[in-house]
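Chemist: Sequence and predicted structure, then a few things I'm wondering about:
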Amino acid sequence: MSKHLVLLPGLDGTGRLFARFLAALPNTFSTATVAYPTDKSLSCIELLQLVKSAVPESASFVLVAESFSAPLALQFASSNPANLSAVIVCAGFVFKPIGIFSGLGRVAARPWLFKVRPPRWVLEYLLLGGGAPQAVIQELREALRLVNPKVLGDRVRAALTCDARNALARISVPLLYLQPTQDMLLAKSCLCEMKRIKPSMVIEQLRGPHLLLQREPQQAAKVICAFLSD
């Protein structure tokens, strides 16, 4: 399979949080990271244009989507571009990411919420897991601080209202799902729904929190390398 990865970031959209994962990849891989604007909320169509501009025109490539970007990656992949060889989703979703609380989340996701500096225990519980290194905590804080609070709120609401189930059903390339076994953010129903729609999806469980590529980059890279070498 392709050794060129196009990476789509999580909620922050900066792409900066991929640094540890990129460092863990073999030097035989080439990569391109898509970054979303920090000061402007884009529609799904506008975000898809960013993805299209980042993928090769003819050379084969793999889409790697983290969390927030999973529905976007699946919508792009649903047109089955001839040079797309696989899709890898890490801690992603296609519908109601926090289950029955998705409606409440839409109401709560207001700009003021993202102006508040979240305490360390919140970041660890929801995103980074207990005992996260201070450097990783700081990297997450810095990435979030770069993004306008209104943009973060808009992205959260977009995630909570998305429905990429039909897109998932149309994908014909191999699909890998990296499931963090200690994910305290996504509802368990997310993966169940994806597996129901796409039974052929390969699921690899890795011990770690929602931000798996940041806490366990070497393990994630190892699994992805094995998947792409088949």
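Modeler: In hand now; what should we look at?
Chemist: Bridging across strands, which residues link to the one residue sitting closest to the centre of the chain?
Modeler: Residue closest to the mean C-alpha point of the chain, counted by Cα atoms, centre = their mean, is residue 66 at 1.3 Å. Legend: beta-bridge partners of residue 66 under DSSP bridges are residue 90.
Chemist: residues contacting it?
Modeler: 7, 8, 9, 10, 18, 90, 91, 92, 213 (Cβ atoms under 8 Å, 6 or more residues apart in numbering). C-betas here are computed from N, CA, C, even on glycine.
Chemist: which residues of this structure fall in strands?
Modeler: Taking DSSP state E to define them, one finds strands in the chain at 4-8, 30-33, 61-66, 84-90, 175-180, 202-206.
Chemist: Tell me the strands beside the last one, with direction?
Modeler: Paired neighbours of strand 202-206 in the sheet (DSSP bridges): strand 175-180 (parallel).
Chemist: do the same with the shortest one
Modeler: Here strand 30-33 has these sheet partners by DSSP bridges: strand 4-8 (parallel).
Chemist: ok, residues contacting the strand it pairs with?
Modeler: With Cβ under 8 Å, 6+ apart as the test, strand 4-8 has contacts from 15, 18, 22, 25, 29-34, 51, 54-56, 59-66, 69, 72-73.
Chemist: from those, which would you call buried?
Modeler: 15, 18, 22, 25, 29, 31, 33-34, 51, 54-55, 61-66, 69, 72-73 (16 or more other Cβ atoms under 10 Å).
Chemist: got the strands of the chain as a markdown table, with mean pLDDT columns?
Modeler: Converted to a markdown table, the strands of the chain look like this (pLDDT from 0 to 100):
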| stretch | mean pLDDT |
| --- | --- |
| strand 4-8 | 98 |
| strand 30-33 | 97 |
| strand 61-66 | 98 |
| strand 84-90 | 97 |
| strand 175-180 | 98 |
| strand 202-206 | 98 |
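Chemist: If you tally nearby residues, what's the number for the residue lying closest to residue 131 once chain neighbours are set aside?
Modeler: Distances taken as Cβ to Cβ, 6 or more residues apart in numbering place residue 124 nearest to residue 131, at 7.6 Å, with adjacent residues excluded. For residue 124, the neighbour count with other Cβ atoms under 10 Å is 18.
Chemist: per-residue pLDDT, residue 124?
Modeler: pLDDT recorded at residue 124 is 93.
Chemist: Just to check, it is in contact with residue 136?
Modeler: No - counting by Cβ atoms under 8 Å, residue 124 stays clear of residue 136, with 9.9 Å between them.
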